[in-house]
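Peer 1: Kindly return the folded structure for what I paste below:
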Amino acid sequence: MIRRDSDPSAEAIQREAVRLCRGEEPRNLPRHYQLWATLFLSGESADSTPLSDAERQGLTVLLTAPRALDGRPQAEWEETRLLALRTVLGRERLSPHALLADIVLNDPSARVRELAIGALRADGSTALPALLRALKNGTNWRREGVQALIALLPQLDPQGQAQGGLSAALLTQVLADRLPRRSSRYTQNARRNVTAVMLVLLAGLALSVALPRTPIALVIACAIGIGVLHTQITRDGRSRIGSDERSARVDLHGSARDALLKLPDIRLLPQLLELSFGRPRRGGWSEARGVLKRLLWTVTPADAGSLSVAGDRLSDGLRTSEPDLTRAVLYAIEQIGSSRHIAPVRHLIRWSAVPELRDAARRILPVLEERLRAERTADTLVRAGEAPPDSAGTLLRPSIGHADPKPEELLRAETGEQ
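Peer 2: Here you go, the predicted structure:
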């Protein structure tokens, strides 16, 4: 059993933890972190008293992954963080969802992430707001962390209705590369190296000015700078600066597609259509089409009003080279289409090389033409240009007869409905 009175002071270890999280050079990292994690433990989790403010603050510092640890030996540090996380989960009355979501998003250890994921899954939909905030605001995320967070959303919100359908809406933003935000994890090395290249070039220029007869200094500096920059721009002969993040986002597109297939929300149809068929193509347009193939089959005539803005993009969907997607688009047009879809459907009947698609287009064409006739009929109905100015006060008087009939004996125009 660890005795607290024999441990170093909490203040000393906390200063070291804060120092590390600021990116400064750590001192005796494994020992300090092991002590820091065990400082608030009593036996084998026998102490179940709630955490004090100091303990909570210290363990939060420990569980906020510092960048300075990246690339360092992780074995002792991983065990320490597991121990600290078990302490927080065992002694806090309410699970710290925000901290757990941050761990899922940023922690490099798969074991630590799995422990946090298990705690979030056990809390169910109450943990959903913290996950959504982490997805919206995270700026130092890891590919594996975002994938794990995305996979959690359908488990915590199986119907896709919590938070007003925000889960599915944010997943659509992931497909469009609007979320998560740009990660400094994937850009800081490139920025650092480009800065180093510029400094080398400036140093070479300064030497050539100071020593005009020895321009060789500038030549050497330029050669070194170009070499370093070339390494960043064409790493392995293929990649460019930022390619690591682009590669990560491609994997996130697949994760978002899989999650959206479990959270069908017809309200997302306009955004998915724009992403799938809009120009220029961006983000996970191919994955968005995969979601569309299933979502379009859920459209009903009752959705016509709410999906009226999707009409033009539905027409674009008839020009795709994917028969399965075109068939789903034709079904949606049959349900909510209007006269503006007649020309694209006729074009498909004339030019499609797939007999099944031509047959499906011929089947729905009369439906669209009937809707066109109904629209024209509605536009040509005879309606009064304007109502009488004051029908209730108009008195019916005889053209001949009494000179001054009594007004109370005269007939008035009827204004009520029969």
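Peer 1: residues of the helix or strand hosting Ala288 that come out buried?
Peer 2: Assigned by DSSP states H and E, Ala288 belongs to helix 285-295. Within helix 285-295, the residues scored as buried using 16 or more other Cβ atoms under 10 Å are Trp285, Ser286, Glu287, Ala288, Arg289, Gly290, Val291, Leu292, Lys293, Leu295. The C-beta positions use only the backbone N, C-alpha and C, and glycine is treated the same way.
Peer 1: outside of it, which residues touch it?
Peer 2: 172, 175, 253-254, 256-257, 260-261, 264, 266, 268-269, 272-273, 275-276, 278, 317, 320, 322, 324-325, 328 (Cβ atoms under 8 Å, 6 or more residues apart in numbering).
Peer 1: buried subset of those?
Peer 2: Buried among those by 16+ other Cβ under 10 Å: 172, 175, 253-254, 256-257, 260, 266, 268-269, 272-273, 275-276, 317, 325, 328.
Peer 1: Can you pick out the ones from the contacts of helix 285-295 that are in helices?
Peer 2: Using DSSP state H to define helices, the subset of the contacts of helix 285-295 located there is 172, 175, 253-254, 256-257, 260-261, 269, 272-273, 275-276, 317, 324-325, 328.
Peer 1: returning to that earlier point: ok, so of the buried residues of helix 285-295, who is nearest Ile150?
Peer 2: Glu287 (12.0 Å; Cβ to Cβ).
Peer 1: how close does the closest residue to that closest one other than its chain neighbours get to Ser338?
Peer 2: Of all residues beyond its chain neighbours, the one nearest Glu287 is Arg257 (3.8 Å), with distances taken as Cβ to Cβ, 6 or more residues apart in numbering. Note on Arg257: its distance to Ser338, by Cβ to Cβ, to the nearest Å, is 29 Å.
Peer 1: What of Leu128?
Peer 2: 38 Å.
Peer 1: What of Arg358?
Peer 2: According to Cβ to Cβ, Arg358 and Ser338 sit 21 Å apart.
Peer 1: swap in Leu330?
Peer 2: 14 Å.
Peer 1: Settle it for me: which of those two has more neighbours?
Peer 2: With neighbours defined as other Cβ atoms under 10 Å, Leu330 and Ser338 compare such that Leu330 has more, 23 against 16.
Peer 1: and the residue nearest to that one when sequence neighbours are not counted, what element?
Peer 2: Nearest residue to Leu330 in three dimensions, chain neighbours excluded: Ala360, at 4.9 Å (Cβ to Cβ, 6+ apart). Element membership for Ala360, per DSSP H and E: helix 355-379.
Peer 1: Identify the residues contacting that helix?
Peer 2: 323, 326-327, 330, 333-334, 337-339, 341-342, 345-346, 348-349, 352.
Peer 1: Just flag the most distant two among those residues.
Peer 2: Pro323 and Ser339, at 25.3 Å, using Cβ to Cβ across these.
Peer 1: Any figure for the gap between the nearest residue to Glu322 once chain neighbours are set aside and Arg267?
Peer 2: Sequence neighbours aside, Arg289 is the residue nearest to Glu322 in space, at 6.9 Å (criterion: Cβ to Cβ, 6+ apart). Separation of Arg289 from Arg267 (Cβ to Cβ) stands at 18 Å.
Peer 1: Check Gly118 too.
Peer 2: Using Cβ to Cβ, we find Gly118 at a distance of 31 Å from Arg267.
Peer 1: Show me which of these two is the more surrounded one.
Peer 2: Using other Cβ under 10 Å, the more surrounded residue of Gly118 and Arg267 is Arg267, with 15 against 12.
Peer 1: check contacts around the more buried one.
Peer 2: Each residue near Arg267 by Cβ under 8 Å, 6+ apart is listed here: Gly165, Ala168, Ser306.
Peer 1: for Ser183, same thing?
Peer 2: Contacts of Ser183 (Cβ under 8 Å, 6+ apart): Gly138, Thr139, Asn140, Trp141, Arg142, Glu245, Ala248.
Peer 1: Make a markdown table out of the residues you listed and add distance to Val209 and pLDDT.
Peer 2: Shown next, in a markdown table, are these (distance: Cβ to Cβ, whole Å; pLDDT from 0 to 100):
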| residue | distance to Val209 | pLDDT |
| --- | --- | --- |
| Gly138 | 46 | 88 |
| Thr139 | 40 | 84 |
| Asn140 | 41 | 82 |
| Trp141 | 44 | 88 |
| Arg142 | 45 | 87 |
| Glu245 | 38 | 79 |
| Ala248 | 43 | 88 |
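Peer 1: I'd like to know which of those residues are buried.
Peer 2: Buried members of the contacts of Ser183, counted by 16+ other Cβ under 10 Å: Gly138, Asn140, Trp141, Arg142, Glu245, Ala248.
Peer 1: mind listing which of those are in helices?
Peer 2: Per DSSP H, the buried ones among the contacts of Ser183 map to helices at Glu245, Ala248.
Peer 1: can the buried ones among the contacts of Ser183 go into a markdown table with extra columns for distance to Ile220?
Peer 2: Converted to a markdown table, the buried ones among the contacts of Ser183 look like this (distance: Cβ to Cβ, whole Å):
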| residue | distance to Ile220 |
| --- | --- |
| Gly138 | 42 |
| Asn140 | 37 |
| Trp141 | 40 |
| Arg142 | 39 |
| Glu245 | 33 |
| Ala248 | 37 |
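Peer 1: Which single one of the buried ones among the contacts of Ser183 is nearest to Leu100?
Peer 2: Using Cβ to Cβ, the buried ones among the contacts of Ser183 come closest to Leu100 at Gly138, 13.4 Å.
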